[in-house]
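K.L.:
just the structure for this:
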Amino acid sequence: MSLSNVCYEQIKDQFWYGLLGDFKLIIDRNTGYFNATKLCQQGGKRFDNWLRNKESKELIEYYRRKFDASHLRESIIEVRKGSSQIYNQIISGTYLSDKLILSVASWISKDFYDKANEIVKSYYLCEFEEKYKNDIGELNEKLQRVDHIVQQLTSEKEKIEQENEKIRREKEICQRENELYQSFEEDIAPKTANVEKLNSLTVVKLNNESFQYSFYVIRTQIECCKKSIKKLKEKHPNLEIILELDYSPNSIRLFNRIKEQLRNIKFYYNYVKLLNGYTEEQFIRNIENLASFNVNLDENSIDVD
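P.N.:
Sure, this is the predicted structure:
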């Protein structure tokens, strides 16, 4: 707090009237010092009596050492009378640092001290409230920046998820195209004399109530089919084979047609789940129809018992 901030009317040169609560002060605006002589006169006291006080001398000496240590000015400045009437009647006197104003006020009277003390408390309270408001403002700004960063990260996450979904779909398309390409190769491949090398399509019932898919379709060579069943049995020991097409030269293509043309079926890779009352018998019969007669089934051609 500087008394220069409470000046409101210039007297002459750097000397101004200042108002600090109920106190009308004469202030050297260059230094922020107040005219202690005139303040004592307002309270009906002589400043030189305060100056002779032991506590006052100790306090002045304390600030003198402190000011000297930090290369500041003296704590007491004398403004002497001169030829100017304004200087003689108003400005002249002993000017003290604002740090001594409470000491002078308490010496003048208890009432003076109480007023000065309330002023100082109000100042520090306002200073604290201002700092608190600034701290709250800074905190709100930081929270807004954090919210902005979170929004950016959320947006980036959504973009990444969209890209991942796009990649997943493209991967599925590539997989289907690759299977189709393999089926073309199988269609033109001559039938081998080795039975174990023939392509087959096998439907296995898993008989595992704890697993959400009830069937598994194997389309591979007969010799590999046996290995696949053995491996599958490790996870589903109660499985049973419900359909074997021992020679299916286009087993991969047939499997693709099963996925494309049969309704009420959910696939997860080679796992199969029947939906909406579609029975096991209907499922097997329609696969046999596709394999034997090469028919195109639509939604209305599925057999219903």
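
K.L.:
where do the helices sit along the stretch 1-150 of the chain?
P.N.:
In the stretch 1-150 of the chain, the segments counted as helices under DSSP state H, counting those that start in this stretch are 36-42, 47-52, 54-69, 85-86, 101-108, 110-188.

K.L.:
which other helices and strands contact the longest one?
P.N.:
Applying 3 or more C-beta pairs under 8 Å, 6 or more residues apart in numbering; DSSP states H and E, one finds that helix 110-188 makes contact with strand 23-28, helix 101-108, helix 251-261. In short, each C-beta sits where N, CA and C put it, glycine included.

K.L.:
please apply the same query to the second one.
P.N.:
Packed against helix 47-52, as judged by 3+ C-beta pairs under 8 Å, 6+ apart, are the following elements: helix 36-42, strand 93-96, helix 101-108.

K.L.:
excluding its backbone neighbours, what's nearest residue 208?
P.N.:
The shortest distance from residue 208 to any non-neighbouring residue, by C-beta to C-beta, 6 or more residues apart in numbering, is to residue 236 (4.7 Å).

K.L.:
about what we covered before: using a markdown table, lay out the helices of the stretch 1-150 of the chain together with mean pLDDT, distance to residue 276 and mean neighbour count.
P.N.:
Listed next are the helices of the stretch 1-150 of the chain as a markdown table, based on pLDDT from 0 to 100; distance: least, C-beta to C-beta, whole Å; neighbours: other C-beta atoms under 10 Å:
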| stretch | mean pLDDT | distance to residue 276 | mean neighbour count |
| --- | --- | --- | --- |
| helix 36-42 | 92 | 98 | 20 |
| helix 47-52 | 92 | 103 | 15 |
| helix 54-69 | 82 | 92 | 13 |
| helix 85-86 | 82 | 106 | 11 |
| helix 101-108 | 86 | 91 | 20 |
| helix 110-188 | 76 | 24 | 11 |
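
K.L.:
now those in JSON lines, with distance to residue 232?
P.N.:
Compiled in JSON lines, the helices of the stretch 1-150 of the chain are given as follows (distance: least, C-beta to C-beta, whole Å):
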{"stretch": "helix 36-42", "distance to residue 232": "102"}
{"stretch": "helix 47-52", "distance to residue 232": "105"}
{"stretch": "helix 54-69", "distance to residue 232": "90"}
{"stretch": "helix 85-86", "distance to residue 232": "111"}
{"stretch": "helix 101-108", "distance to residue 232": "93"}
{"stretch": "helix 110-188", "distance to residue 232": "20"}
